[in-house]
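Chemist: generate a structure from the sequence data that follows.
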Amino acid sequence: MKRVFFPLLWILGGLLSGCVTPEPYDYSAFREAKPTSILVLPPTNQSPDVKASYSMLSQVTYPLAESGYYVFPVAVVDETFRQNGLANPEEIHNVPLNKLHEIFGADAVLYIDVEEYGTSYQIISSDTRVTANAELIDAKTGTKLWSGRATASSTEQNTNSGGLIGMLVQAAIEQIAHTLTDKGHEISGITSARLLSAGMPNGILFGPRALHPAY
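Modeler: Numbering: from 1, shown residues only. Next up is the predicted model:
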């Protein structure tokens, strides 16, 4: 009886620990700074897909703007760096904050790193996954105002119905479709929304332009 009882306790404990609410984020620095404008730097990329950085960059303006912030036009910002000899995101991330504030006048700078981007294929399935983390830094003081991480996957809504043959056919269709189109770009939009939309658990706070009562 004991041999059965104790393993059950371990399983139950694991299930309960997985349901623990994450510790609330400390927003004291964020609330004190009250940023109204955000400069988004081209994301660094840890994935093997060269499209990851600018695919993610093209998706970040909408959730930030909807959250109530002025976002410096990412294409203009990127071209400004290129005209000054900086085309590599790693080099851009190393530009001193005081220089960024002097040139752009932003209240805060958003640093994004793409950890995963792309599609992996198995025998009976394929998974397009995008994972990114971000840090929002006060451009004047260098204080970290907020950080977060989000991921999205194409398999989140898969039902795997229809038996083995149906799964094989579905995998073949998905592989062709993902080859012809950049599925990662679509998934990166979901990731950026989860990462940068105000109102998410431990997410970014609402900005002044959102006219939200939580601001």
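
Chemist: ok, Ile187 - how many residues close by?
Modeler: 26 (other CB atoms under 10 Å). Backbone N, C-alpha and C define where each C-beta goes, glycine included.

Chemist: can you tell me the SS state at it?
Modeler: helix (DSSP: H, G, I helix; E, B strand; the rest coil).

Chemist: wait, it touches Thr151, no?
Modeler: No - with contact defined as CB atoms under 8 Å, Ile187 does not reach Thr151; the gap is 9.2 Å.

Chemist: okay, and the common contacts of these two?
Modeler: Residues touching both Ile187 and Thr151 by CB atoms under 8 Å, 6 or more residues apart in numbering: 129-130.

Chemist: mind pulling the model confidence for Ile165?
Modeler: At Ile165, the pLDDT value in this model is 53.

Chemist: switch to numbering from 40
Modeler: With the count now opening at 40, the last piece we talked about shows up as Ile204.

Chemist: in which helix or strand would I find Asp166?
Modeler: Per DSSP states H and E, Asp166 falls inside strand 165-177.

Chemist: check which helices and strands that strand sits against.
Modeler: The contact analysis (3 or more CB pairs under 8 Å, 6 or more residues apart in numbering; DSSP states H and E) places strand 165-177 against helix 67-72, helix 91-96, strand 147-160, strand 183-192, helix 202-219, helix 222-235.

Chemist: so which of those gets nearest Ala249?
Modeler: For the helices and strands packed on strand 165-177, proximity to Ala249 was assessed by CB to CB; helix 222-235 is nearest, at 12.8 Å.

Chemist: what is the closest one packed up against?
Modeler: If you count contacts as 3+ CB pairs under 8 Å, 6+ apart, helix 222-235 packs onto helix 91-96, helix 100-105, strand 147-160, strand 165-177, strand 183-192.

Chemist: tell me what angle that helix forms with strand 165-177.
Modeler: Counting by axes from the mean of the first three to the mean of the last three CA atoms, to 10 degrees, helix 222-235 lies at 40 degrees to strand 165-177.

Chemist: centre of the chain to helix 222-235, how far?
Modeler: A distance of 7 Å separates the centroid of the chain from that of helix 222-235, by CA atoms, centre = their mean, to the nearest Å.

Chemist: ok, now stretch 239-250?
Modeler: That offset, for stretch 239-250, works out to 15 Å (CA atoms, centre = their mean).

Chemist: check which residues of it are buried.
Modeler: By 16 or more other CB atoms under 10 Å, the buried positions in stretch 239-250 come out as 242-246, 249.

Chemist: quick one: average pLDDT of it?
Modeler: Mean pLDDT, stretch 239-250: 92.

Chemist: which residues does it contact?
Modeler: Contacts for stretch 239-250 (CB under 8 Å, 6+ apart): 61, 63-64, 66, 69-70, 73-75, 103-109, 175, 185, 187, 233-238, 251, 253-254.
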